[in-house]
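In: Here is the input, now give the coordinates:
(chains A and B)
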Amino acid sequence: MTVEIVIEAKGLTKKYGHAVAVDHISFSVGRGEIFGLLGPNGAGKTTTILMLLGLTEISGGEVRVLGFNPGREPLSVKRRVGYLPDTVGFYDQLTAADNLRYTARLIGFKKAEREKKIADGLGRVGLSEFADKRVGTFSRGMRQRLGLAEILMKGAQVAILDEPTSGLDPHATAELLGIIRGFKGEGVSVLLSSHLLERVQSVCDRVALFSGGRIALMGSVAELGREVLGGGYVVDIEADGAGLAERLALIPGVSGVEKTGISKLRLHADRDVRPEAAAEVVGMQGRLKFLGVQEPSLDAIYTRYFENQPNEGMTVKEGTRHAA
Amino acid sequence: MRREGSAFQGLGVVLLKELSDHLTSIRMRVLEWLIVLVALAALYGAIQQIKDTTAEDPFLFLRLFTTSRDPLPSFVSFISFLVPLMAIGLGFDAVNSEFNRRTLSRILAQPIYRDALLFGKFLAGLITLAISLVTLWLLVIGLGLLLIGIPPGAEEIGRGFLFLLVTIIYAGVWLALALLFSILFRSAATAALVTLGIWLFISFIWPVLAGAVAQIIVPPDPRYLALGLPTPGTAQAEQILARFSPSTLFAEVVVAILDPTTRSLGPIYLSQLQGAVLGAPLPIGESILIAWPQTVGLIAGTIMLFVIGYVVFQRQEVRA
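Out: Below is the predicted model:
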């Protein structure tokens, strides 16, 4: 599969004096891909994003966004890339539509196309009826959606979203993630950063786990799961039946059976063995009460990874606190 | 390698938006009414005074600006006091409010440079001030016509117009100072207080302090003291120090332009006055020559303050 690369970073570095906020990171994002920059606060996610947009000086390394160098051709980059900053702000005294009008003028849209684009953008995020309301009255979720409307209006080829879901309630988060998935459908690449692993797991094609200014891990969630959690599937079973544990241990691919409670068993296997396990229980006339497989979760991957590498992980180096 | 595109891309958009913000803001309305009311009071005093005392004066109209009647100061004094206040009022939260509203990074992610944002904000402030001052100026001229009943001559109009221009430049100095502090301080309240503090110091304390400092730098000569005269060296040092204040420069320019009999803005020796017809007015060109260095000083001060702000802003991190 050959994917057109829209963002490519090689050895990207940002130093504040002697402190290194971003330390030789390399990654690439393909067209239509949703790429997650994940990691704790201060890991260098926002700094990386600002370098991609040419909003902060690059100390070392190379970066190309849609083929342009953000340090030298920031206008070309910014014309094609939409950016939703961490806790986006709007002019409270202006209406939603007026805020977008100002941005549209800055982008340089002609008057004729402006109104249509604004109406489209607001419609796509479900804010049409609030177009003429002052942003001062908007909730946080509505502001985030207005920020996405701005990106839609801009017709951006790449959307860079910094902590888009932080501080939102579950309903607003789900709505927002839905809109972000919509970007993918149109071939817009999305780069999003978050410290909330669980939330973004569901939308990201690939993720990069940041730690102390470096990318600790990169790949799809499933790949990372195999790599870090040892490739194992964990199947939990709750069923009655004498000698069940011994029978289950004989299923091909099962490497271990562990008793976790009264009539509760946990199977470790190298593949999803739920069908075979269910057949075994039913075959010996047992009563199957629960059968579930643990998907590899980013939380688990993250915790496990940094448990194993205590020196690299949680010790945030002096100075990287700039990179909130 | 040069960066692509123009630094002024989007300048017009920022300018129009800031201008409309200023002109519709409540703050602006309060400042305008303050200026108009105070200026009318000063003007009323001046007109009373002119009616009472001045029988014949070739520059009667200019007296409108400079004459005072107790307890009110003259129109010019009011202007030199209120214009900085207005400029600071417009500029103290220009940049830091964008930070605090968290709009800065979103705006700068659009295809414009920071230059356009800063230029746009400064020009919008200056144009707003210019609009107010022109309105005020026309108001004064109009009222003067109605109440005195004598039309101004061409030279009076010319001098009055120069006074207007210099006042706008003077406003620019304070606007640039306020803009600088709005870049340096993230808190708008801090920026406002520091700018007002500096304004108070420069306009009211420094002129007094300049005399004291001058006496330290060049101690007065006892021979001059015995004659009751100021020591030339000390007087010169004092003037040089006092001219660091834009308020002093503005006052000097205004005296030279609005009072045609002004022949010099510094201490001069009697020998230099030999052959001069004292009290005779100078042509407008000569008055401009006298005021020119001070005017250039005001323009240079504006540019310098703006450039400092510009450099700091370019190097600032955009994250809030």
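In: Any stretches of chain A with poor pLDDT?
Out: Residues of chain A that meet the criterion pLDDT under 70 lie in A:1-2, A:230-232, A:308-324.
In: again, only using 50
Out: A:1, A:311-324 (pLDDT under 50).
In: Which residue of it is positioned most peripherally relative to its centre?
Out: In chain A, the greatest distance from the average C-alpha position (C-alpha atoms, centre = their mean) is reached by A:Ala242, at 45.2 Å.
In: Next, the contact list for the residue in the stretch 101-250 of chain B that chain A sits nearest to, please.
Out: The minimum distance from the stretch 101-250 of chain B to chain A, using C-beta to the nearest C-beta, falls at B:Arg102 (3.0 Å). C-beta coordinates here come from the backbone N, C-alpha and C atoms, glycine included. B:Arg102 makes contact with A:85, A:87-89, B:320, according to C-beta atoms under 8 Å, 6 or more residues apart in numbering or on different chains.
In: Among those, which one has the most neighbours?
Out: A:Pro85 (27 neighbours; other C-beta atoms under 10 Å in any protein chain shown).
In: I'd like the distance between that residue and A:Leu50.
Out: 9 Å (C-beta to C-beta, to the nearest Å).
In: quick revisit: helix, strand or coil for the residue farthest from the centre of chain A?
Out: coil (DSSP: H, G, I helix; E, B strand; the rest coil).
In: Going by neighbour count, list what's buried in stretch A:293-302.
Out: If you call a residue buried by 16 or more other C-beta atoms under 10 Å in any protein chain shown, then stretch A:293-302 has these buried ones: A:296, A:298, A:300-302.
In: Could you list the low-pLDDT ranges of the stretch 51-200 of chain B?
Out: Those would be none, if you go by pLDDT under 50 across the stretch 51-200 of chain B.
In: where along it do the helices fall?
Out: B:60-66, B:75-91, B:96-100, B:104-108, B:114-148, B:154-184, B:188-200 (DSSP state H, counting those that start in this stretch).
In: Output the ones you listed as CSV; include the columns mean neighbour count.
Out: What follows is the helices of the stretch 51-200 of chain B, written out as CSV (neighbours: other C-beta atoms under 10 Å in any protein chain shown):
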stretch, mean neighbour count
helix B:60-66, 22
helix B:75-91, 22
helix B:96-100, 19
helix B:104-108, 23
helix B:114-148, 19
helix B:154-184, 22
helix B:188-200, 17
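In: Now render those as a markdown table, adding distance to chain A.
Out: Shown next, in a markdown table, are these (distance: least, C-beta to the nearest C-beta, whole Å):
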| stretch | distance to chain A |
| --- | --- |
| helix B:60-66 | 37 |
| helix B:75-91 | 16 |
| helix B:96-100 | 8 |
| helix B:104-108 | 4 |
| helix B:114-148 | 9 |
| helix B:154-184 | 16 |
| helix B:188-200 | 15 |
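In: Out of these, flag the one nearest A:Ile215.
Out: helix B:104-108 (23.1 Å; C-beta to C-beta).
In: Could you say which helix or strand holds the residue most central in space within chain A?
Out: In chain A, the C-alpha nearest the mean C-alpha coordinate belongs to A:Gly36, at 3.3 Å (C-alpha atoms, centre = their mean). Assigned by DSSP states H and E, A:Gly36 belongs to strand A:34-38.
In: Keeping just the C-alphas, turn that strand into PDB.
Out: Extracted in PDB, the C-alpha atoms of strand A:34-38 (Å, rounded to 0.1, in the frame of the first residue of the first chain):
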ATOM      1  CA  ILE A  34      -5.800   9.800  11.900                       C
ATOM      2  CA  PHE A  35      -2.500  10.000  13.800                       C
ATOM      3  CA  GLY A  36      -2.500  10.400  17.500                       C
ATOM      4  CA  LEU A  37       0.300  12.100  19.500                       C
ATOM      5  CA  LEU A  38      -0.300  10.700  23.000                       C
END
